[in-house]
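A.B. asks: With the input below, show me the fold.
(one chain, ligands or ions: 1)
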Amino acid sequence: MIDVVLKKGKERSLLRRHPWVYDTAVQRVGGAPASGETVRVLAFDGRPLGLGAFSPASSIRVRMWCFDCSVDVDDPLFLRRRIEAAVEAREALLTRTNARRLVFGEADGLPGLVVDDYDGWLVTQFQAAGVERRRDEIAAALMQAAGARGVFDRSDAATRTREGLQTRVGVLAGDEPPQLIDIVEDGVRYGVDVRRGHKTGFYIDQRESRLAAQRIAADFLERTGRGLRALNCFCYTGGFSLALMKGGAQEVVSVDSSAEALARARANAAMNGFDDERMRWVEDDVFGFLRRMRDAGESFDLVVLDPPKFASSHYHVERAARAYKDINLNGLRLLRLGGRLLTFSCSGAIDVDLFQKIVAGAVFDAGRTAWAVERFGAGSDHPLLMTCPEGEYLKGLDLLMRD
Ligand code: SAH
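C.D. replies: Have a look, this model is predicted:
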């Protein structure tokens, strides 16, 4: 096995069980490991730190499989056990949904691997050299551990390029998935297109927030005797819109710039039998739309802002912060007294503190007083590995307008 020796002091993060070795931390590689090959990582003084997968093209040069050099990580059993453990940890969610993340990369000890389950159809993303090299083993283990009908690969994310990997889309194991997979989440039906949809087809990570939206709508109806009037910005295939309707919203206006997403959202609404008259679908740019709604004197009981990742890296934080501020400010201006703003950011580069500051700035500029009555994050199938804080990316706030 080839050794990767770290520079002096660069062993510290590994001793604290952080699973990444950056290219800048490497002193010497004792050979030319192939992409994804298992290497042994040593401190500058020769102290063994663990075994990882080598990524020659990535700035994350090694992703650790384990911190014990005596483990046989190349044994197929090693991967199988980790996959079984990952699948088992998500079992309890089946009472609420048949759309779950089964493997969440580093958190499951499978760096760079994402696996989502849509009613027994698994969709994979191989985002690092180590899991890429072992994809056939992984596909077979997944079929078995999850009792899956098929494994479909959506390894077409931008992150692949940074790892020096080619794009790949297609069946890896089992049967070809249907054009649309029917999922049910907390009583709401959605059709998921795993070939063309964002990520692996659906924003599984927003489950808890969609349920919160459903509850808020139901509470509102119970309290006031009327259904709320909601605006869902960046609605994609209707996630929050349908959750709000399920909760008893009177009217939901949904905005997205993608005609394709809106068409799917409409079809999803029909699948649930929701009253078409109470739902408006608008193909527009949210930034301009919010301004026009304000000029038109519109107001809402609830506004959802769940935009795409505005900051793709630390370099884009400032510009992204301005964009978040803009939509939050203009979203807040549309809310009635007692209204709610459900606002999110999935930019890893913008942490919880900064997001809160940006939203606070928007509240101040809007001249409002607001309480954060709930805080959101990704669901329990996207756990945060405490030794790898980079895994936290999604955050959200439920703001209540006090004046
Ligand atoms: N809330 C959704 C996920 C949102 S994904 C859910 O729970 O399923 C982000 C969406 O924003 C995408 O559908 C994309 O088409 C849309 N989008 C991106 N930029 C936009 C813009 N400037 N105006 C309107 N929609 C935009």
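
A.B. asks: From now on I want contacts and neighbour counts done on CA atoms only, so please keep to that.
C.D. replies: OK.

A.B. asks: got the residues of the stretch 101-250 of the chain near the ligand?
C.D. replies: By C-alpha under 6 Å from any ligand atom, the residues of the stretch 101-250 of the chain that approach the ligand are Y203, Q206, F234, C235, Y236, T237, G238, G239, F240.

A.B. asks: Reduced to three states, what does the last one come out as?
C.D. replies: Judged by DSSP: H, G, I helix; E, B strand; the rest coil, the three-state class of F240 is helix.

A.B. asks: Now it: closest residue in space, sequence neighbours ignored.
C.D. replies: Nearest residue to F240 in three dimensions, chain neighbours excluded: R210, at 5.4 Å (C-alpha to C-alpha, 6 or more residues apart in numbering).

A.B. asks: Turn the residues of the stretch 101-250 of the chain next to the ligand into CSV, including pLDDT.
C.D. replies: Formatted as CSV, these follow (pLDDT from 0 to 100):
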residue, pLDDT
Y203, 98
Q206, 98
F234, 98
C235, 98
Y236, 98
T237, 98
G238, 98
G239, 98
F240, 98
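
A.B. asks: mind listing the strands for the stretch 151-300 of the chain?
C.D. replies: Counting by DSSP state E, counting those that start in this stretch, the stretch 151-300 of the chain forms strands over residues 168-174, 181-185, 188-192, 229-233, 251-256, 279-283, 300-305, given from the N-terminal end onward.

A.B. asks: Out of those strands, which is the most enclosed?
C.D. replies: strand 229-233 (a mean of 26; mean count of other C-alpha atoms under 10 Å).

A.B. asks: Which among the strands of the stretch 151-300 of the chain is found nearest to A89?
C.D. replies: For the strands of the stretch 151-300 of the chain, the distance to A89 is smallest for strand 181-185, at 18.1 Å, taking C-alpha to C-alpha.

A.B. asks: can you pull out the helices in the stretch 1-150 of the chain?
C.D. replies: For the stretch 1-150 of the chain, applying DSSP state H, counting those that start in this stretch gives helices covering 12-15, 76-89, 129-133, 135-146.

A.B. asks: deepest of the ones you listed, which one?
C.D. replies: Taking mean count of other C-alpha under 10 Å, helix 129-133 is the most buried of these, at a mean of 23.

A.B. asks: what sits up against it?
C.D. replies: Helix 129-133 is contacted by residues 35-38, 53-55, 63, 110-113, 126, 138, 163, 165 when judged by C-alpha atoms under 8 Å, 6 or more residues apart in numbering.

A.B. asks: So which of these sits lowest on pLDDT?
C.D. replies: Going through these one by one, the lowest pLDDT turns up at E163, 87.

A.B. asks: Just confirm that residue contacts F54, I think it does.
C.D. replies: No - checked against C-alpha atoms under 8 Å, the pair E163 and F54 is beyond contact range at 10.6 Å.

A.B. asks: picking that back up, redo the residues of the stretch 101-250 of the chain next to the ligand as JSON lines? Include neighbour count.
C.D. replies: Conversion of those to JSON lines gives the following (neighbours: other C-alpha atoms under 10 Å):
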{"residue": "Y203", "neighbour count": "16"}
{"residue": "Q206", "neighbour count": "21"}
{"residue": "F234", "neighbour count": "25"}
{"residue": "C235", "neighbour count": "26"}
{"residue": "Y236", "neighbour count": "28"}
{"residue": "T237", "neighbour count": "29"}
{"residue": "G238", "neighbour count": "26"}
{"residue": "G239", "neighbour count": "25"}
{"residue": "F240", "neighbour count": "29"}
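
A.B. asks: from those residues, which is closest to A89?
C.D. replies: Where those are concerned, and distances follow C-alpha to C-alpha, A89 has its nearest neighbour in Q206, at 18.3 Å.

A.B. asks: The residue lying closest to that closest one once chain neighbours are set aside and the ligand: what is the separation?
C.D. replies: Once its chain neighbours are removed from consideration, Q206 has its nearest residue in A378; the separation is 6.0 Å (C-alpha to C-alpha, 6+ apart). Distance, A378 to the ligand, by C-alpha to the nearest ligand atom, to the nearest Å: 11 Å.

A.B. asks: Return the residues in contact with A107.
C.D. replies: Taking C-alpha under 8 Å, 6+ apart as the definition, contacts of A107 comprise H382, P383, L384, L385, C388, G391.

A.B. asks: Widest-spaced pair of those?
C.D. replies: For the contacts of A107, with distances taken as C-alpha to C-alpha, the pair at the greatest spread is H382 and C388 (12.8 Å).
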